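**Q** only the shape, not the letters, is given here:
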């Protein structure tokens with residue numbers, strides 16, 4: 001019998017089946033008094049080992065529900081032998097079941113007369129598991145899911161996007177996650193939203209960048225009506241084969257998903273081609289996610305500058321602040337005829353307001369200390385999620401959310417990709433990137449904050465920037481004296497050869513050669529050189545627009561002719577021969593940006 005079944009059988013709230021073990025500081029599924037209870041393993045990347053008896057009973061920790069089903073890839077994450085039960089550890093007793101009011105207390109055996117063990121702060125422990133400060137609801141939901149371990153992991157659907165994303169998740173690097181909301185009319189009561197018969201286009205899109213030092217994050221909305229080029233897209237088919245869907249030029253961004261059978265990997269590739277920003281992972285949900293998640297937290301506070309009575313979405317709100325959930329919450333984020341110029345750009349601002357408010361609600365003590373809310377939130381969230389196979393287990397989702405938790409809400413910026421009306425249209429229905437869009441891309445790609453970070457953190461960054469700048473100061477060799485070998489370490493195919501031709505034919509760096517592919521993939525382009533090659537390094541950095549951080553002093557190496565040479569490795573950030581990689585000193589001004597800690601009223 002599952003947790004809910006036992007709860008009904010014993011007249012116990014299902015949420016009460018999950019209890020905080022004061023000895024381990026972790027939440028555990030409480031079994032019946034007659035069932036032996038093993039300690040829950042600590043958080044780690046991988047799957048907790050679970051005894052065969054528990055799996056047979058269908059309790060959390062059993063095999064993932066999605067494993068073996070069509071469209072579901074079972075990740076090879078080094079799972080321990082599932083047939084071996086956990087060893088018992090002395091001194092790790094699970095707290096007894098909560099008494100119903102009026103029932104006499106019975107002291108545990110062997111503990112009569114002893115002082116009760118001091119419990120750790122429940123609020124702090126729940127905060128640690130729920131990822132406190134969530135900028136985007138889906139990320140927050142992922143951590144809530146970890147509270148219920150493997151029981152919830154089976155709820156998550158996943159898509160293999162191949163090399164469109166990253167294979168795993170690193171807690172030591174900056175990361176980019178594309179959050180996608182589709183307009184597919186699945187679920188009860190959703191007939192009036194989105195396009196009738198839609199296969200599920202990329203209706204709402206937010207590229208979330210989390211800085212390497214976790215001091216800030218940026219959530220950039222990408223308009224669905226933005227005109228882009230969708231690249232060729234390899235997609236996994238149900239039979240395991242790969243089909244390449246041809247790309248299309250000058251089409252709406254939302255067609256990067258669903259159209260011609262495109263999956264979320266195609267949307268990730270489109271973002272990368274548009275912005276030059278590598279997307280590590282994606283998280284996708286449909287209309288039901290807004291309804292179920294807003295209900296699970298007990299409603300989300302929103303604000304409007306004027307009363308709303310929208311005949312199409314059926315949204316009715318008085319002027320000022322209101323609390324919305326379920327159908328009303330979905331109507332709020334879908335309404336476009338009651339705000340601004342009734343277009344998609346103004347609706348994006350409303351959606352950003354809603355997400356910021358929902359993030360604050362999930363981080364509030366009312367949610368974090370309420371087991372029933374957390375239970376409902378976890379079930380709703382994991383059922384709503386579709387993610388890539390790189391993060392499709394609850395442990396990794398927990399890692400993602402806990403990293404995001406480190407970012408102060410005041411430094412989480414919501415903004416929209418700068419756009420202008422499409423000049424090719426007489427009646428404006430679509431938009432194209434504006435003149436400041438490349439600056440926004442560079443700011444995100446180079447980990448620069450759109451908000452003021454703490455002085456201590458900024459001072460550390462300034463010191464590092466000064467040290468990097470010092471590497472670029474000094475004499476420079478002539479271009480003809482620069483000797484360098486070029487490796488491709490993550491840039492687009494053919495980048496090393498194109499860079500070689502550019503250096504030799506246009507910049508006079510004739511002592512250069514293409515050395516093929518690097519042994520490892522790099523996120524950032526690097527130039528390694530020996531101390532006596534510093535002048536050459538400064539010249540090449542000036543020609544290519546390399547930042548001081550790209551210069552890596554090291555030991556001398558030799559080229560194919562046995563002569564000492566520098567090594568230029570083109571990373572994922574490489575934008576093309578002759579395109580500068582120097583990061584902007586500060587973020588550009590962007591109209592309409594907001595931060596997650598402030599209440600914004602829809603106009």
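**A** Noted; the coordinates are in hand. What you see is a predicted model; the values in this text were computed from it and never measured.

**Q** find the residue closest to residue 506 in space, skipping its chain neighbours.
**A** In space, and not counting its chain neighbours, residue 506 is closest to residue 578: 7.5 Å by C-beta to C-beta, 6 or more residues apart in numbering. C-beta: built from backbone N, CA, C; applies to glycine.

**Q** the one you found is in contact with residue 502, isn't it?
**A** Yes. With contact defined as C-beta atoms under 8 Å, residue 578 reaches residue 502; the gap is 5.8 Å.

**Q** between these two, who's got more neighbours?
**A** Comparing residue 578 with residue 502 by neighbour count (other C-beta atoms under 10 Å), the higher total belongs to residue 502, at 17 against 14.

**Q** which strand or helix spans residue 350?
**A** Residue 350 is located in helix 344-362, with elements delineated by DSSP states H and E.

**Q** go on, residue 403?
**A** Counting by DSSP H and E, residue 403 is found in helix 394-405.

**Q** next, the buried residues of that helix.
**A** By neighbour count with 16 or more other C-beta atoms under 10 Å, helix 394-405 contains the buried residues 394-405.

**Q** low pLDDT regions in this structure?
**A** For the chain, the stretches with pLDDT under 70 are 1-152, 184-199, 363-365, 367-368, 454-465, 583, 585.

**Q** all strands for the stretch 401-550 of the chain, in order.
**A** 412-416, 419-421, 431-433, 483-488, 511-517, 526-529 (DSSP state E, counting those that start in this stretch).

**Q** tell me the strands beside the first one, with direction?
**A** Each strand paired with strand 412-416, and its direction, by DSSP bridges: strand 217-221 (parallel), strand 594-595 (antiparallel).

**Q** look up how far residue 328 lies from residue 302.
**A** 10 Å (C-beta to C-beta, to the nearest Å).

**Q** who has more neighbours, these two?
**A** Using other C-beta under 10 Å, the more surrounded residue of residue 302 and residue 328 is residue 302, with 25 against 21.

**Q** what angle do whichever helix or strand that one is part of and helix 344-362 make?
**A** Per DSSP H and E, residue 302 falls inside strand 300-304. Strand 300-304 runs at 140 degrees relative to helix 344-362, counting by axes from the mean of the first three to the mean of the last three C-alpha atoms, to 10 degrees.

**Q** helix 394-405 and the helix holding residue 350, what's the angle between them?
**A** 100 degrees.

**Q** helix 344-362 packs against which elements?
**A** helix 137-146, strand 202-210, strand 217-221, strand 300-304, helix 326-334, strand 412-416, strand 594-595 (3 or more C-beta pairs under 8 Å, 6 or more residues apart in numbering; DSSP states H and E).

**Q** closest to residue 353 out of the ones you listed?
**A** strand 300-304 (6.6 Å; C-beta to C-beta).

**Q** the closest one: what's the following helix or strand?
**A** Counting by DSSP H and E, what follows strand 300-304 is strand 308-309.

**Q** mind listing the strands that following strand pairs with, and their directions?
**A** In its sheet, and by DSSP bridges, strand 308-309 pairs with strand 316-317 (antiparallel).

**Q** what lies in contact with the strand it pairs with?
**A** 302, 304, 307-310, 324, 332 (C-beta atoms under 8 Å, 6 or more residues apart in numbering).

**Q** between those, which is nearest residue 421?
**A** Proximity of these to residue 421 (C-beta to C-beta) peaks at residue 310, which lies at 24.9 Å.

**Q** what about the closest one, how many residues close to it?
**A** 17.

**Q** all strands for the stretch 101-250 of the chain, in order.
**A** Ranges of strands in the stretch 101-250 of the chain, per DSSP E, counting those that start in this stretch, are 157-159, 175-182, 202-210, 217-221, 227-230, 233-236, 242-245, 248-252.

**Q** could you dump these into a markdown table with distance to residue 291 added?
**A** Listed next are the strands of the stretch 101-250 of the chain as a markdown table, based on distance: least, C-beta to C-beta, whole Å:
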| stretch | distance to residue 291 |
| --- | --- |
| strand 157-159 | 18 |
| strand 175-182 | 12 |
| strand 202-210 | 14 |
| strand 217-221 | 21 |
| strand 227-230 | 30 |
| strand 233-236 | 29 |
| strand 242-245 | 31 |
| strand 248-252 | 26 |
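
**Q** go through those and pick out the most buried.
**A** The highest mean neighbour count among the strands of the stretch 101-250 of the chain, using mean count of other C-beta atoms under 10 Å, belongs to strand 217-221: a mean of 26.

**Q** for the nearest residue to residue 571 once chain neighbours are set aside, give its distance to residue 430.
**A** Leaving aside its sequence neighbours, residue 571 sits nearest to residue 522 (C-beta to C-beta, 6+ apart; 3.7 Å). Using C-beta to C-beta, we find residue 522 at a distance of 36 Å from residue 430.

**Q** what about stretch 519-534, how long is it end to end?
**A** Using C-alpha to C-alpha, to the nearest Å, the end-to-end distance of stretch 519-534 comes to 24 Å.

**Q** separation between residue 246 and residue 260?
**A** Relative to residue 260, residue 246 is positioned 8 Å away (C-beta to C-beta).

**Q** er, residue 356 I mean
**A** For residue 356 relative to residue 260 (C-beta to C-beta), the value is 35 Å.

**Q** can you check residue 388 too?
**A** 20 Å.

**Q** more crowded one of those two?
**A** Taking neighbours as other C-beta under 10 Å, residue 388 and residue 260 compare with residue 388 leading, 28 against 15.

**Q** just confirm that one contacts residue 284, I think it does.
**A** No. Applying C-beta under 8 Å, one finds residue 388 not in contact with residue 284, separated by 9.3 Å.

**Q** identify the contacts common to those two.
**A** Joint contacts of residue 388 and residue 284 (C-beta under 8 Å, 6+ apart) are residue 264.

**Q** what residues does stretch 340-353 touch?
**A** Outside stretch 340-353, the residues that touch it by C-beta under 8 Å, 6+ apart are 204, 219, 221, 223-225, 302-303, 332-336, 339, 414, 416, 419, 431, 592, 594, 600-603.

**Q** filter these to the buried ones?
**A** Using 16+ other C-beta under 10 Å, the buried ones in the contacts of stretch 340-353 are 204, 219, 221, 223-225, 302, 332-336, 339, 414, 416, 419, 431, 594, 600, 602.

**Q** how about the closest residue to residue 560 other than its chain neighbours, what does it touch?
**A** In space, and not counting its chain neighbours, residue 560 is closest to residue 513: 6.2 Å by C-beta to C-beta, 6+ apart. Residues near residue 513 by C-beta under 8 Å, 6+ apart: 484-486, 500, 559-560.

**Q** neighbour count and distance to residue 177 added to the residues you listed, as CSV?
**A** Shown next, in CSV, are these (neighbours: other C-beta atoms under 10 Å; distance: C-beta to C-beta, whole Å):
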residue, neighbour count, distance to residue 177
484, 25, 35
485, 21, 35
486, 23, 31
500, 20, 35
559, 17, 40
560, 10, 41
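
**Q** could I get those residues as CSV with distance to residue 279?
**A** As requested, the contacts of residue 513 are exported to CSV (distance: C-beta to C-beta, whole Å):
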residue, distance to residue 279
484, 30
485, 30
486, 26
500, 28
559, 35
560, 36
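
**Q** show me the domain layout of this protein.
**A** 129-450, 471-570 (automatic domain parsing).

**Q** out of these, deepest packed?
**A** Greatest burial across these, using mean count of other C-beta under 10 Å, falls to domain 129-450, with a mean of 20.
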